[in-house]
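Asks: got a sequence here, can you build the structure:
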Amino acid sequence: MPHHKDKKQTEASEPAAAAAATGVGADAKESFFEKQADKVAAHEQKHEAKVAAAEDAREAKHEAREERFEAKHPEKAAAIAAKEQAKKPQVPSGSAVIEVNNLVKHFGSVVALGGISFSVHQGEVFGFIGNNGAGKSTTIRTLLGLLKATSGEAKVFGLDAWKDPVKIHRSLAYVPGDVNLWPNLTGGEVIDLFVSLRGGKAQSSQVRKRRNELIEKFELDPTKQCRTYSKGNRQKVVLISAFASDVDLYLLDEPTSGLDPIMEQVFQECIRGEKQAGKTIFLSSHIMQEVRDLADRVAVIRQGLLVKDGAETEAAIAEMEAEAKRYAESVA
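Replies: Take a look at the predicted model:
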């Protein structure tokens, strides 16, 4: 009997011992992975600090080199600056920055634009709104020289948008609402690349100063690779590269897509600052309040045609606001 009792006690204690051993093993496993995660995080922080330090050193080196050159060769520096300025298109006196006359665009049998006309003047914020499929993106792509009009004309800085896109883009910054970036480049590298593509000097002291101010305003970490960015952070990269560039015209197509309300306010501050500096802004947005707050004039496009009457324009805006409100309530 004692023998059977000891056997039963042993059998009863085995599950408890196994459970205890399993618990200890799970705790040890969890502790191991926590330590590994801490090591990875520490390594990433060290790498980011190293990249930031290298970028700061490179920036200081470029600024010092530029200052030495300007001090030693002031006439050459002025000549180089004048040459760069001459490459940029100039708006003819009395002309609009953007002129669209009877613009028509067909995609086969589909009429995307049915003969629209409008102009945007220097120093103006021009709001361009409409429902999906109304023709907003087609108009913007035509102004960028990405689409050839079926008929009519689209001029930017007095130049034909289709025939002279390279010269036009030297003084134009475009911000789309859906952004794809190079995954292996850092945000800072992409910003510098975009500035350079627009004909600017990404390493000039003025551009670097403006770039760093914008990075701080938009709260972006420029040392991280683009693959790690959220949609909002990718949007910040293109906005910073646009506002850091020395351009005269901004073509903005849903520019605040993915931004939180605080960053939207930062964006609006930037727009007001560019307007005060005499820059021209073409703003296409589905956020009606944003357009109302920023735009000097608003044009509404419907089914490829502009709503011309002032009262009808206000009615169209009110209708889109009501539709947006109904949609927001339906998904809330």
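
Asks: my read: residue 135 touches residue 113, true?
Replies: Yes. Using C-beta atoms under 8 Å as the test, residue 135 is close enough to residue 113 to be in contact (5.2 Å). All C-beta atoms are positioned from the backbone trio N, CA, C, and that covers glycine.

Asks: shared neighbours of those two, anything?
Replies: 105, 304 (C-beta atoms under 8 Å, 6 or more residues apart in numbering).

Asks: what about these two, which has more around it?
Replies: Set residue 135 next to residue 113 and count neighbours by other C-beta atoms under 10 Å: residue 113 wins out with 28 against 24.

Asks: and the residue nearest to the more buried one when sequence neighbours are not counted, what is it in contact with?
Replies: Nearest-residue entry for residue 113: residue 105, 4.2 Å, with adjacent residues in sequence omitted and distances by C-beta to C-beta, 6 or more residues apart in numbering. By C-beta under 8 Å, 6+ apart, the contact list for residue 105 reads 111, 112, 113, 135, 138, 142, 147, 149, 150.

Asks: so how far is residue 252 from residue 105?
Replies: Going from residue 105 to residue 252 by C-beta to C-beta, to the nearest Å gives 21 Å.

Asks: kindly check the end-to-end length of stretch 223-232 for me.
Replies: 16 Å (C-alpha to C-alpha, to the nearest Å).

Asks: where exactly do the strands run in the stretch 151-300 of the chain?
Replies: For the stretch 151-300 of the chain, strands defined by DSSP state E, counting those that start in this stretch occupy the ranges 151-156, 159-160, 172-175, 249-253, 280-284, 297-302.

Asks: need the buried ones from the contacts of residue 105 selected in PyMOL.
Replies: The buried subset of the contacts of residue 105, as determined by 16 or more other C-beta atoms under 10 Å, is captured in PyMOL by this line:
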select buried, resi 111+112+113+135+138+142+147+149
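
Asks: mind putting the contacts of residue 105 in JSON lines, secondary structure included?
Replies: What follows is those, written out as JSON lines (DSSP: H, G, I helix; E, B strand; the rest coil):
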{"residue": "111", "secondary structure": "strand"}
{"residue": "112", "secondary structure": "strand"}
{"residue": "113", "secondary structure": "strand"}
{"residue": "135", "secondary structure": "coil"}
{"residue": "138", "secondary structure": "helix"}
{"residue": "142", "secondary structure": "helix"}
{"residue": "147", "secondary structure": "coil"}
{"residue": "149", "secondary structure": "coil"}
{"residue": "150", "secondary structure": "coil"}
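
Asks: any idea which of the contacts of residue 105 is closest to residue 174?
Replies: Of all the contacts of residue 105, residue 142 has the smallest distance to residue 174: 12.6 Å, by C-beta to C-beta.

Asks: before we move on, the earlier item: I'd like the strands of the stretch 151-300 of the chain laid out as a markdown table, including distance to residue 117.
Replies: Below are the strands of the stretch 151-300 of the chain laid out as a markdown table (distance: least, C-beta to C-beta, whole Å):
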| stretch | distance to residue 117 |
| --- | --- |
| strand 151-156 | 8 |
| strand 159-160 | 16 |
| strand 172-175 | 21 |
| strand 249-253 | 18 |
| strand 280-284 | 15 |
| strand 297-302 | 10 |
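
Asks: closest to residue 213 out of those?
Replies: With C-beta to C-beta as the yardstick, what comes closest out of the strands of the stretch 151-300 of the chain is strand 172-175 (16.4 Å).

Asks: pull out the buried residues from that closest one.
Replies: For strand 172-175, by 16+ other C-beta under 10 Å, it's 172, 173, 174, 175.

Asks: tell me which of the residues you listed is nearest to residue 39?
Replies: residue 175 (38.9 Å).

Asks: per-residue pLDDT, that closest one?
Replies: pLDDT, residue 175: 95.

Asks: where does the stretch 51-200 of the chain dip in pLDDT?
Replies: 51-67, 69-70, 73-95, 199-200 (pLDDT under 70).

Asks: all helices of it, in order?
Replies: 74-87, 136-143, 165-169, 187-197 (DSSP state H, counting those that start in this stretch).

Asks: and the stretch 201-332 of the chain, by the same measure?
Replies: Using DSSP H, counting those that start in this stretch, helices in the stretch 201-332 of the chain cover 205-217, 231-244, 261-276, 288-294, 310-331.

Asks: tell me which of the strands of the stretch 151-300 of the chain sits nearest to residue 194.
Replies: strand 172-175 (8.3 Å).

Asks: what residues does the closest one touch?
Replies: 140, 144, 156, 198, 238-239, 241-243, 245, 247-253, 255.

Asks: apply 7 Å and report the result again.
Replies: For strand 172-175, contacts defined as C-beta atoms under 7 Å, 6 or more residues apart in numbering pick out 144, 156, 198, 238-239, 242, 245, 247, 249-253, 255.

Asks: which two from these end up farthest apart in space?
Replies: Counting by C-beta to C-beta, the most remote pair of those is 156 and 239, 20.7 Å apart.

Asks: where does the residue nearest to residue 293 when sequence neighbours are not counted land on pLDDT?
Replies: Distances taken as C-beta to C-beta, 6+ apart put residue 268 closest to residue 293, at 6.5 Å, once the chain neighbours are dropped. Per-residue pLDDT puts residue 268 at 95.
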